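*Asks:* I would like to see how this sequence folds:
(2 chains)
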Amino acid sequence: MTPAELAEAVLAAARAVFAERGLDLEALPAQTAVERPRSPEHGDYASTLAMQLAKRVGRTPRELAAALAERLAELPGIASVEVAGPGFLNIRLEAAAAGELARAVVQSGREYGRSRLLAGQRINLEFVSANPTGPVHLGHTRWAAVGDSLHRILVASGAEVASEHYINDAGSQLEHFGNSLYAAALGEPTPEHGYAGEYVVDIGKQIVAAHPEALSLPRAEALMLFRDEGYRLMLDAMRTSLDRFGVSFDIWFSERELHASGAVEHAIDTLRKQGHVYESDGAVWLRTTDFGDDRDRVLIRANGTKTYIAADSAYYLNKRERGFDKCIYLLGADHHGYVGRLRTIAACAGDDPDYHIEIMIGQLVHLVQSGGPVRLSKRAGAIVTLDELVDLVGVDAARYSLARASTDSTLTLDIDEITRQARENPVYYVQYVAARTASVARNAADVGLHRGAPEDFRPELLAHDKEQELLKALGEYPTVVATAAELRGPHRIARYLEELAGSYHRFYDNCRILPVGEEEITDLHRARLWLNDATRTVIANGLTLLGVGAPERM
RNA sequence: GCGCCCGUAGCUCAGUGGAUAGAGCGGCGGACUUCUAAUCCGAAGGUCGCAGGUUCGAAUCCUGCCGGGCGCACCA
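*Replies:* Predicted coordinates for the structure are as follows:
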């Protein structure tokens, strides 16, 4: 019996009790959940439904709980139900009913944990969106890890999702970048508003190597060449870094093309039709105060140039016109001023800012090394890049470290610490389970131990405390994935896997899976192998959602 | 001044109103002639920033305050 089935049984019992006593069925929720109590004294699962309902129907929690307990206790698979405290329902399953899960998980394989929760939603998930004027740095790296994992989680929950990287290639930053490359190639100092750093010199050299004539061109032509070639090389480098990190975007969207396609004018027309555009002082304005902004915003300046908000609007509307009904933006805290703006744009376009647009603000990553802070300013040239981080700790450890924290928390990474403790990173604790389970499976095959036919599986033999604990952990996985999808929290997967890993290691330590020496193979060995393989399935599924490998050996 | 996020063990961080607040790391003490000791077991470590409020029940929700981070353009 899975937790979901148990929860449904609790609700069904509530319906029966309500009907029997003439209570208002409308007071019942559409869904309920059972939780896993911290203390084993409180049973395998607990329901708080009676306490939640009592006030609504004017009964005491304990009275309702007692009635529910009576009904639930009769169900097959349920060993006992107790009413405790103010009205908790503490439920114990029979070992066999719990053990069933091992078979169900193995048979579901990669499907275990996937759902249709978000079926029918078409989601555009934008993240990273780094300027093509420098390498992907550590700030972006957090969103790369979190965004890509979220992408996988949303897909696993049934949504149709496109991951998208916006390229800011239309503004003056690219000009400054080109100027900097040119200056570097000439050996001149970095120009004002320019970019510094070794990568600028490197790219400058690459361009000169590929275009020996570059330095003898007239200045204006040379600048254009450095700008365009630098842009191309930088974009390639970004793609390469992200690929190596296991992150590949479905769509790379160019701002330049957005402008070239006339999308900006089109967007302003659309907003005008919605009645929120007006002209004043020679400029074109968006009346964002219609939707709570403290002042209106300019779309087109008096000099005819478009503002960034104009492009933002065009980009949002373009996403909507491409058929996405939910646009999720993953932005760093340094951009949280965008939130109101983007939501207002959606509102001005006639959309529901609480549904069509969703802006996740992730807090920044702080780096410290040798006790002091490390600055991440791109202009200053002191960059800690994605590539450097990966070189230091590897893809798995890097992705895991970044994905296991809530994006609401600023994350402090100590470079020394990461380097030194790479082996102690929690990712290895989890991956070690993948390796151990694989090793057990290999050894089992060597000694002729096989799971056998599913119908010969004896779930009731998995009655040891550690086996039951592990089974409960396995049963939680689908709920964890669903919650991670709904709350957009990939870190929940990581935290869950750490718990599951603990349960497995304790099981492994207490319950011998393989026969020792010449010992005869029994149904218990086979049952434990089912449990071993079920664990391997869940660990692998979970790590996949994080974009982290599940190694066969370590 | 206004807005968003955070404040939980020595450190890094979990905990979408439930029972005795958790994990990893660090430190202390144990466990390998048997499936991988990258593991396990034990002890230690907490006024959940502070003060009120709501609730049968608050780390969680509300208000105020304190502390930290980040933002508030006809810049990109």
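
*Asks:* relative to RNA strand B, how far out is A:Arg15?
*Replies:* Here the distance between A:Arg15 and RNA strand B works out to 20 Å (Cβ to the nearest atom of the strand, to the nearest Å). (Each C-beta comes from the backbone N, C-alpha and C, glycine too.)

*Asks:* which residues touch the helix or strand that residue falls within?
*Replies:* Here A:Arg15 is covered by helix A:3-21, with elements defined by DSSP states H and E. When contacts are defined by Cβ atoms under 8 Å, 6 or more residues apart in numbering, helix A:3-21 is touched by residues A:1, A:23-25, A:27-29, A:31-34, A:36, A:45, A:47, A:49, A:53, A:57, A:64, A:67-68, A:71-72, A:75, A:78, A:89, A:91, A:93, A:475-476, A:478-479.

*Asks:* at 7 Å instead, please
*Replies:* For helix A:3-21, the external contacting residues (Cβ atoms under 7 Å, 6 or more residues apart in numbering) are A:25, A:28, A:32-34, A:45, A:47, A:49, A:67-68, A:71-72, A:75, A:91, A:475-476, A:478-479.

*Asks:* before we move on, what about stretch A:266-279?
*Replies:* Around stretch A:266-279, the neighbours that count as contacts under Cβ under 7 Å, 6+ apart are A:284-287, A:290, A:299, A:310, A:313-314, A:317, A:348-350.

*Asks:* buried residues of it, list them for me.
*Replies:* Of the residues in stretch A:266-279, those scored as buried under the neighbour-count criterion (16 or more other Cβ atoms under 10 Å) are A:Ala267, A:Ile268, A:Thr270, A:Leu271, A:Gln274, A:His276, A:Val277.

*Asks:* quick revisit: helices - which of the contacts of stretch A:266-279 land there?
*Replies:* If you go by DSSP state H, the contacts of stretch A:266-279 have A:Ala310, A:Ser313, A:Ala314, A:Leu317, A:Cys348 in helices.

*Asks:* residues touching the second one, list them.
*Replies:* Looking back up the chat, that one is A:Ser313. Shown in contact with A:Ser313 (Cβ under 7 Å, 6+ apart): A:Ala267, A:Leu271, A:Ile345.

*Asks:* is any part of the helix or strand hosting the first one close to RNA strand B?
*Replies:* Assigning secondary structure by DSSP H and E places A:Ala267 in helix A:263-273. No - using Cβ under 7 Å from any atom of the strand, we find that helix A:263-273 stays clear of RNA strand B, coming within 12.9 Å at best.

*Asks:* centre of the chain to that helix, how far?
*Replies:* Here the centre of mass of C-alpha atoms in helix A:263-273, compared against the chain's by Cα atoms, centre = their mean, to the nearest Å, lies 33 Å away.

*Asks:* and if you look at stretch A:384-398?
*Replies:* Distance of stretch A:384-398 from the chain centroid (Cα atoms, centre = their mean) equals 19 Å.

*Asks:* if we can go back for a sec, what about dumping the CA coordinates of the helix holding A:Arg15 to PDB?
*Replies:* Written as PDB, here are the backbone C-alpha positions of helix A:3-21 (Å, rounded to 0.1, in the frame of the first residue of the first chain):
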ATOM      1  CA  PRO A   3       1.000   6.500   1.100                       C
ATOM      2  CA  ALA A   4      -1.300   7.900  -1.600                       C
ATOM      3  CA  GLU A   5      -3.500   4.800  -1.400                       C
ATOM      4  CA  LEU A   6      -3.600   5.100   2.300                       C
ATOM      5  CA  ALA A   7      -4.500   8.800   2.200                       C
ATOM      6  CA  GLU A   8      -7.400   7.900  -0.200                       C
ATOM      7  CA  ALA A   9      -8.500   5.200   2.200                       C
ATOM      8  CA  VAL A  10      -8.600   7.700   5.100                       C
ATOM      9  CA  LEU A  11     -10.700  10.100   3.000                       C
ATOM     10  CA  ALA A  12     -13.000   7.300   2.000                       C
ATOM     11  CA  ALA A  13     -13.400   6.400   5.600                       C
ATOM     12  CA  ALA A  14     -14.200  10.000   6.400                       C
ATOM     13  CA  ARG A  15     -16.900  10.000   3.700                       C
ATOM     14  CA  ALA A  16     -18.500   6.900   5.100                       C
ATOM     15  CA  VAL A  17     -18.400   8.300   8.700                       C
ATOM     16  CA  PHE A  18     -19.900  11.600   7.600                       C
ATOM     17  CA  ALA A  19     -22.700   9.900   5.600                       C
ATOM     18  CA  GLU A  20     -23.500   7.600   8.500                       C
ATOM     19  CA  ARG A  21     -23.800  10.500  10.900                       C
END
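
*Asks:* quick one: name whatever helix or strand follows that helix.
*Replies:* Proceeding C-terminally, helix A:3-21 gives way to strand A:45-47 as the next helix or strand, assigned by DSSP H and E.

*Asks:* for the stretch 51-200 of chain A, which residue gets nearest to RNA strand B?
*Replies:* Ranked by Cβ to the nearest atom of the strand, the top residue of the stretch 51-200 of chain A for proximity to RNA strand B is A:Gly171, at 1.4 Å.

*Asks:* Three-state assignment for that residue, please.
*Replies:* Following DSSP: H, G, I helix; E, B strand; the rest coil, A:Gly171 is assigned to coil.

*Asks:* how much space separates it from A:Arg495?
*Replies:* Noted for A:Gly171: a distance of 39 Å to A:Arg495, by Cβ to Cβ, to the nearest Å.

*Asks:* over to A:Ala311?
*Replies:* In this structure, A:Ala311 lies at 38 Å from A:Arg495, with Cβ to Cβ as the measure.

*Asks:* more neighbours, those two?
*Replies:* A direct count of neighbours by other Cβ atoms under 10 Å for A:Ala311 and A:Arg495 places A:Ala311 higher, at 21 against 16.

*Asks:* can you pull out the strands in chain A?
*Replies:* A:45-47, A:78-84, A:88-93, A:122-126, A:160-167, A:251-254, A:277-280, A:283-286, A:297-300, A:326-332, A:357-362, A:365-369, A:372-374, A:411-414 (DSSP state E).

*Asks:* angle of the fifth one against strand A:326-332?
*Replies:* Same thing as strand A:160-167. If you take axes from the mean of the first three to the mean of the last three Cα atoms, to 10 degrees, strand A:160-167 sits at 40 degrees to strand A:326-332.

*Asks:* for the fourth one, same thing?
*Replies:* Orientation note: strand A:122-126 sits at an angle of 20 degrees relative to strand A:326-332 (the same axes, to 10 degrees).

*Asks:* state the pLDDT value of the nearest residue to A:Glu469 once chain neighbours are set aside.
*Replies:* Distance criterion Cβ to Cβ, 6 or more residues apart in numbering; nearest residue to A:Glu469, sequence neighbours excluded, is A:Ser503 at 5.2 Å. The predicted local distance difference test score for A:Ser503 is 95.
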